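**Q** heads up, no residue letters with this:
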């Protein structure tokens, strides 16, 4: 019996490379956590045609950060929010070469931020996307910091 294994089908449907695009990969130089978040929100809003909702998206991300920093250590942060205005998952990635104070659990500066925006009512898919992003960062953290182009970083996502 031929065909695609269900797990492979799920991988194709929500693969990281389908949620992220080279225009959603940026280099950050902002001096603060808030400015980095704003820059990444602006990038995602622009690329997804959500410019009118940019302030709402930023507020949702900022509120989530007030609850608990999404800087979980090893120079990594995954700021995320679920919003009604977002119809499908959107992922963006920011690289901060120097690192920025992010109130991380290990007190280390964050150098890689992956922002996830998702629809409000899709908790199961939300957790799958978060898991995929976490695996991607675990496997590629050092390599990400050495790459110089958005296309090169995007190419790494093809297997996730």
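**A** Ah, there it is. Model, not experiment: these values are computed from the prediction. Numbers count the residues shown, from 1 in each chain.
**Q** contacting residues around residue 117?
**A** 44, 48, 57, 80, 81, 82, 83, 86, 89, 90, 91 (Cβ atoms under 8 Å, 6 or more residues apart in numbering). Backbone N, C-alpha and C define where each C-beta goes, glycine included.
**Q** so for the third one, what's the pLDDT?
**A** pLDDT recorded at residue 57 is 98.
**Q** wait, what's in contact with residue 151?
**A** residue 22.
**Q** so what touches stretch 132-148?
**A** Outside stretch 132-148, the residues that reach it (Cβ under 8 Å, 6+ apart) are 14-16, 74-76, 78, 91, 93, 95, 97, 111-112, 114, 116, 153, 156-157, 160.
**Q** just the buried residues of these.
**A** 16, 74-76, 78, 91, 93, 95, 111-112, 114, 116, 153, 156-157, 160 (16 or more other Cβ atoms under 10 Å).
**Q** the longest helix along the chain: how far from the chain's middle?
**A** Secondary structure of the chain per DSSP state H: the longest helix is helix 123-146. Distance, stretch centre to chain centre, for helix 123-146: 8 Å (Cα atoms, centre = their mean, to the nearest Å).
**Q** before we move on, what about stretch 151-160?
**A** For stretch 151-160 - counting by Cα atoms, centre = their mean - the centre lies 13 Å from the chain centre.
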